[in-house]
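>>> Sequence first, predicted coordinates after that:
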Amino acid sequence: MRILVVGSGGREHTIVWKLKQSQRVTEIYCAPGNGGIEEIATCVPISPTDIDGLIHFAKEQKIDLTVVGPEAPLLAGIVDRFEEQGLKIFGPKKAAARIEGSKRFAKELMQKYQIPTASFQAFTDPEEAKAYVRSHGAPIVIKADGLAAGKGVVVAQTVERAEQAIVEAMETRVFGDAGKEIVIEECLFGQEVSLMAFVDGQTIKPMVIAQDHKPVFDGDQGPNTGGMGAYSPVPQISQAVVDKAIEQILFPIAEAFHQEGIQYKGVLYAGLMITQEGPKVIEFNARFGDPETQVVLPRLKSDLLEVILAVVDGKLAEMEIEWSDEAAVCVVMAAGGYPGSYQTGHEITGIPKNDEKQIIFHAGTKLVDGKLVTAGGRVLGVTAIDKDIPKAQQKAYQMVQQISFPDAHYRKDIANKALN
């Protein structure tokens, strides 16, 4: 089969890497891809949101299946458009992708179907939002309603910081139109976990859980990022808690879509807080998480292509999905200054060779005159697989030590929560 993967990050590199292991794959293209993906697939210079260009390419190259990585094309309706053209594609349609595209839509859906989440209020007027914060106090969570590349959330420890976050989102528009409406939520306490699932409209097959590290600095300090690293499994979270989340969150949200007349096909991502009252939803995403994919897909023993085709064809119930008992740890190496402004174009050296147990997933890289250079905020996802978390963590950091580029920044405590 001829496959097209849409996107250019570490998640897409992981998807391409995993699909390449399938016996049925003959050719993989990635639009636009990155410096690492270029080593294992053919990269084509088409933007993920250039849907006309992607349709033209898929027809011209007789692509059998398109797999969408990032959220922006999903919310732009890429799946609807491809299906209208009779092209096979993996991902939720525009109406279903709203679960990620609008925090308000997601919260109201959860409220209607009694899915456990933080109490909330949505605002279009900054003054009303500030008054709400003053009456409720801190800590409190301010979220831009729309897409903000994982950076549109501020957990404000003081009322002043909350008001500043409201001004940034609604008045100075640091997230563009994504911040014209905001959602203010109570602050939940506990450990965060990411629970992803394959969904084909009827059937849900959960993946193994992972834990992401959002803040940029060690000890969960500093501003939120797209994710500074992840690990799987999460030994401190019991299977009973995971089962409860599947029962009280995943199955009900799938039923909610069904009741609303929306067919959900693709990957559904639930970002959860494990509170003292049990798991509660922080957010839903309509695609694979990044960097969680870099630790979840290496643990998938089944053929990813077969799983994706089962989802697309509505035959997921017939599929037995197998997972490895091994552990995976991914440390993100980022550009200095990320998630704020940062420089690109720095040469990257010392990347160790990939093998089955150590894989460098490229996120923000490109090849220029045969040299690999930085081309984004998150540059590499250094991933190690071993029999347990301590061994995988040790191996990942040994690999990080070998790699260098100017101003490289990474957290030194990825997966520490699993060790304590």
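Cool, got the structure.
>>> How are the helices of the stretch 251-400 of the chain distributed by residue range?
Ranges of helices in the stretch 251-400 of the chain, per DSSP state H, counting those that start in this stretch, are 251-259, 293-296, 304-312, 389-402.
>>> Among the ones you listed, show me which one is buried the most.
Scoring the helices of the stretch 251-400 of the chain by mean neighbour count under mean count of other CB atoms under 10 Å gives helix 293-296 as the most buried, with a mean of 30. No exception for glycine: its C-beta is placed from N, CA and C like everyone else's.
>>> For it, name the packing helices and strands.
Applying 3 or more CB pairs under 8 Å, 6 or more residues apart in numbering; DSSP states H and E, one finds that helix 293-296 makes contact with helix 10-19, strand 229-232, strand 327-334, strand 378-386.
>>> Those: which one's closest to Ile182?
With CB to CB as the criterion, Ile182 lies closest to strand 378-386 of those, at 25.2 Å.
>>> tilt between that closest one and strand 327-334?
Interaxial angle, strand 378-386 versus strand 327-334 (axes from the mean of the first three to the mean of the last three CA atoms, to 10 degrees): 160 degrees.
>>> partner strands of strand 378-386, parallel or antiparallel?
Sheet pairing of strand 378-386 (DSSP bridges) gives strand 327-334 (antiparallel), strand 358-362 (antiparallel).
>>> circling back to that earlier point, and the helices and strands packed on helix 293-296, which is most packed in?
Ranked by mean neighbour count, the helices and strands packed on helix 293-296 are led by strand 229-232 with a mean of 30 (mean count of other CB under 10 Å).
>>> most centrally placed residue in this structure?
Gly289 (1.9 Å; CA atoms, centre = their mean).
>>> just checking, that one touches Ser194?
Yes: between Gly289 and Ser194 a contact is recorded at 5.2 Å, counting by CB atoms under 8 Å.
>>> shared neighbours, the two?
Listed as contacting both Gly289 and Ser194 by CB atoms under 8 Å, 6 or more residues apart in numbering are 210, 212, 230, 269, 271.
>>> Do you know the pLDDT at the first one?
Just to be clear, that refers to Ala210. At Ala210, the model reports a pLDDT of 98.
>>> Which residue lies closest in space to Arg134, excluding its sequence neighbours?
Take Arg134 and drop its neighbours on the chain: the residue closest to it by CB to CB, 6 or more residues apart in numbering is Val159, 6.1 Å away.
>>> what sits against Ile40?
By CB under 8 Å, 6+ apart, Ile40 lies in contact with 16-17, 20, 28.
>>> do that again at 10 Å, thanks
13, 16-17, 19-20, 28, 30, 33, 354 (CB atoms under 10 Å, 6 or more residues apart in numbering).
>>> now Trp323
206-208, 232-233, 296, 299-302.
>>> swap the cut-off to 8 Å and go again
For Trp323, the contacting residues are 207-208, 299-301, by CB under 8 Å, 6+ apart.
>>> Tell me the bridge partners for it.
Leu300.
>>> Please apply the same query to Lys143.
Beta-bridge pairing for Lys143 (DSSP bridges): Val153, Val183.
>>> Now for it: which residues touch it?
Neighbouring residues of Lys143 by CB under 8 Å, 6+ apart: 103, 152-154, 182-185.
>>> coming back round to it: how about the helices and strands packed on helix 293-296 in TSV, adding mean pLDDT and distance to Glu171?
TSV is the format used below for the helices and strands packed on helix 293-296 (pLDDT from 0 to 100; distance: least, CB to CB, whole Å):
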stretch	mean pLDDT	distance to Glu171
helix 10-19	98	32
strand 229-232	98	33
strand 327-334	98	28
strand 378-386	98	28
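>>> and Asp369, which of these is closest to it?
The minimum distance between Asp369 and those falls on strand 378-386, with 18.4 Å, by CB to CB.
>>> so how far is the closest one from its chain's centroid?
Put simply, strand 378-386 sits 15 Å off its chain's centre (CA atoms, centre = their mean, to the nearest Å).
>>> do stretch 294-303 as well
Taking the mean of its C-alpha atoms, stretch 294-303 sits 15 Å from the chain's own mean (CA atoms, centre = their mean).
>>> Of all the residues in it, which ones are buried?
Neighbour counts over stretch 294-303 (16 or more other CB atoms under 10 Å) mark 294-300, 303 as buried.
>>> So which of the residues you listed is the closest to Val5?
Ranked by distance to Val5 (CB to CB), the buried residues of stretch 294-303 are led by Leu297 at 12.5 Å.
>>> OK, contacts around that closest one?
Counted by CB under 8 Å, 6+ apart, Leu297 has contacts 14-15, 17-18, 288, 304.
>>> change it to 10 Å
Residues near Leu297 by CB under 10 Å, 6+ apart: 11, 14-15, 17-19, 21, 196, 207, 232, 288, 304, 328, 361, 383.
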